[in-house]
Structure formats: C-alpha cells, structure tokens
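Enquirer: coordinates only, no sequence provided:
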C-alpha cells in the first residue's frame, strides 16, 4: 500500500467497462482531486458517498475515457481542471501543465512527468511524499498503452522516466487489463520465473474479483516486458540494436497478439 502516514487518502473504484476511477483527498485542506474523469456521474456519486467535495481534476491525457467527464463535473462543483494542452481537443482547461511543472492538493505536491507515446502530451502525476504515481495509460500492470500518436523512441524515453522513480513507488494505472497483458508477457518472456509467479497471483486475484491495480514499480521492472526492453535477453530475442527498437518490436507484437 502507498505511504498513508501523511494522511493522503485514495478512493479507487471501477468505472465504465474496465477503467478505474480515483479520488485523491487531503483531509487537512478538504481538497479532493479526480484523477481523470471517465464518467462524471460515477465520480460525483463516489465523492458524495465519501463525504468529499471535488475541487480539482487532474487529467493525464485527452482521450474521452479520461477527460470526457470534465465539463459535467465542472458544472456540478466549480472545480479547477488541470491537464496537458491536448485535453482542450475535447474540453476546456483552467490550467495547462507540462513536464517539470507541479500541482498541489492541499500541502501535497505532485510533479508532472512527460509520459507521451500512447498519446502526445500524455502526463503522469507523481507524489513523492506519498510514494505514488498516477500514470494513466502510459504503463499498465505488465503492459503499456497502445501507441496511437507517439513514436517508439518517444514512448521508450517516457518509460525510462517511470523506471527512474523510486522502486517502491505504487503505480496507479487507468485500466484493469492485467490478465490480457499477462498472457502476452508470458509469450514475450517465457523463461522469467518471477513473471510466472506474478501471473499466478493475478489469476487468483481476478478469480476473486479483486483489482490488480495499483502495482509496485520494482515488481514491474522485473516482469513487465515493455519496461524491460533494455534487457539483453529480450533484446536478443526480439531484435533491436537499441532499446527503443526492441520496445517497438514488442509493442507491434502486442498489437497483433
């Protein structure tokens, strides 16, 4: 679990068919942030059930299942919407942010990290004091987002920024794709015993209806083939003279898997 000694609270809930919704709450200030907005009514209902008032929206990227609820939540709450410039393709922003910027929720600060590749302008929010990062569709448990707008070199550079976070960081991704990702990971890296154990645990969790998210970065570094595109074994098996070429081969194979 993330470091909650600082009293930062997270409410995670299913949304749409396979999204996860997140509400981040600072009890001291009373501020509450939506991390993306797949479905406005669900977020408003979940916030009300917690007794929280939404004051902020932090968008990771512009896709409708991440920013589609912005306007309705803004109308209902008057909240401040923060995100990358590309979000304005579907909804207005109150504040545009990019790599290196910071945003605050009460006394908690989040660093904005460029994780473009799935889309251009995709960002993550890393809260170092809480030991957690909200990574949208850039990284999934045992996977990464489909490369709709970026390039392999760009996407690999983004993943290197995630890889550089402290190893005990908890990654909160936006979808429950883990079982499907696990099947490809075993195909891509069949001799990885750590991966095999992880996949068994994932199947057991899903059989009980439990989420596989969040996930610890250190475990992903050992098992997620997309984060391991610089591993000599995977480079040898999947080709590429540099890691982003291996990443490109893995991503293309996953697209057709």
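Expert: Received, thanks. Keep in mind that what you see is a predicted model, and the values were worked out from it rather than measured.
Enquirer: for the closest residue in space to residue 11 that isn't next to it in sequence, give me the backbone phi and psi.
Expert: In space, residue 11 comes closest to residue 23 once its chain neighbours are excluded; the distance is 4.3 Å by C-beta to C-beta, 6 or more residues apart in numbering. Bear in mind the C-beta positions are built from the backbone N, C-alpha and C, glycine included. Main-chain dihedrals, residue 23, degrees, to the nearest 10: phi -120, psi 130.
Enquirer: distance of residue 23 relative to residue 82?
Expert: From residue 23 across to residue 82, the span is 15 Å (C-beta to C-beta, to the nearest Å).
Enquirer: these two: which is more packed in?
Expert: residue 82 (23 against 20; other C-beta atoms under 10 Å).
Enquirer: helix/strand/coil for that one?
Expert: Recorded secondary structure, residue 82: strand (DSSP: H, G, I helix; E, B strand; the rest coil).
Enquirer: and it, how close does it get to residue 35?
Expert: The gap separating residue 82 from residue 35 is 11 Å, by C-beta to C-beta.
Enquirer: overlap in contacts, these two.
Expert: Taking C-beta atoms under 8 Å, 6 or more residues apart in numbering as the criterion, residue 82 and residue 35 both touch residue 58.
Enquirer: quick one on the thing from earlier: wait, the residue nearest to residue 11 touches residue 50, no?
Expert: Yes. Using C-beta atoms under 8 Å, residue 23 makes contact with residue 50 at a distance of 6.7 Å.
Enquirer: the stretch 1-150 of the chain: strands as residue ranges?
Expert: 9-15, 19-26, 31-35, 56-58, 80-83, 95-96, 102-105, 108-114, 123-127, 132-136, 139-140, 143-144 (DSSP state E, counting those that start in this stretch).
Enquirer: could you save those as TSV and add columns showing mean pLDDT and distance to residue 71?
Expert: TSV is the format used below for those (pLDDT from 0 to 100; distance: least, C-beta to C-beta, whole Å):
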stretch	mean pLDDT	distance to residue 71
strand 9-15	96	17
strand 19-26	97	17
strand 31-35	98	13
strand 56-58	98	10
strand 80-83	98	9
strand 95-96	98	16
strand 102-105	98	20
strand 108-114	97	22
strand 123-127	98	20
strand 132-136	98	19
strand 139-140	98	27
strand 143-144	98	29
